[in-house]
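Enquirer: With the input below, show me the fold.
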Amino acid sequence: MAAALGFRWDGQKTRLFARTKKDSFNTASLIAFLKQLKRSVRGHKIILIWDHLPAHRSRAMSHCLWDQRAWLQIEWLPGYAPDLNPTEGVWNNIKSREMANLCPELMTEATHAFRRGLRRVGHTRRLPLSFLQHAGLSF
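Expert: Residues are numbered from 1 along each chain as shown. Below is the predicted model of the structure:
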């Protein structure tokens, strides 16, 4: 799962950008995610707050980020700081609602429940903003 929460400068509009894939995200799949994100924001400049996942710091990613600097600014979180990462609120919220007490027999059941949670979070304005506020990054 890769996700980015988008917020307008005044907090009036929020958006959840999320992609799921069968296996783990790596540098190549995260670069593809950034390309999709760029298409979604249609030329607007954004600040991406990122943790220190190895795929975020690879040589190929560094080159990609340099090439995207006209629209993308990266701000790095400290080494281990999940409380400062607003997207952690997305995972925690879904785990406590759609995934709570879920005992699926098949992985597809868990995937469907998780995606339902993503849709629910993505269709609200206040919830993503609360994740930003909880991280201490509110407007």
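
Enquirer: switch to C-alpha atoms for all contacts and neighbour counts from now on
Expert: Noted.

Enquirer: Which pLDDT value does the model give Trp91?
Expert: For Trp91, the model assigns a pLDDT of 91.

Enquirer: could you say which helix or strand contains it?
Expert: helix 86-96 (DSSP states H and E).

Enquirer: How far away from the center of its chain is that helix?
Expert: How far helix 86-96 lies from its chain's middle: 10 Å, per C-alpha atoms, centre = their mean, to the nearest Å.

Enquirer: For it, which helices and strands make contact with it?
Expert: strand 2-7, helix 107-122, helix 126-134 (3 or more C-alpha pairs under 8 Å, 6 or more residues apart in numbering; DSSP states H and E).

Enquirer: what's the angle from the last one to helix 107-122?
Expert: Comparing the axes of helix 126-134 and helix 107-122 via axes from the mean of the first three to the mean of the last three C-alpha atoms, to 10 degrees yields an angle of 80 degrees.

Enquirer: repeat for the shortest one
Expert: Relative orientation of strand 2-7 versus helix 107-122 (the same axes, to 10 degrees): 10 degrees.

Enquirer: Tell me the first helix or strand C-terminal of strand 2-7.
Expert: strand 14-19.

Enquirer: Only alpha carbons, please: show that following strand as CSV.
Expert: In CSV, the C-alpha atoms belonging to strand 14-19 read as follows (Å, rounded to 0.1, in the frame of the first residue of the first chain):
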residue,chain,number,x,y,z
THR,A,14,-8.6,17.0,1.5
ARG,A,15,-7.8,14.0,-0.7
LEU,A,16,-6.5,10.5,-0.2
PHE,A,17,-4.3,9.2,-3.0
ALA,A,18,-3.8,5.4,-2.5
ARG,A,19,-2.6,2.5,-4.4
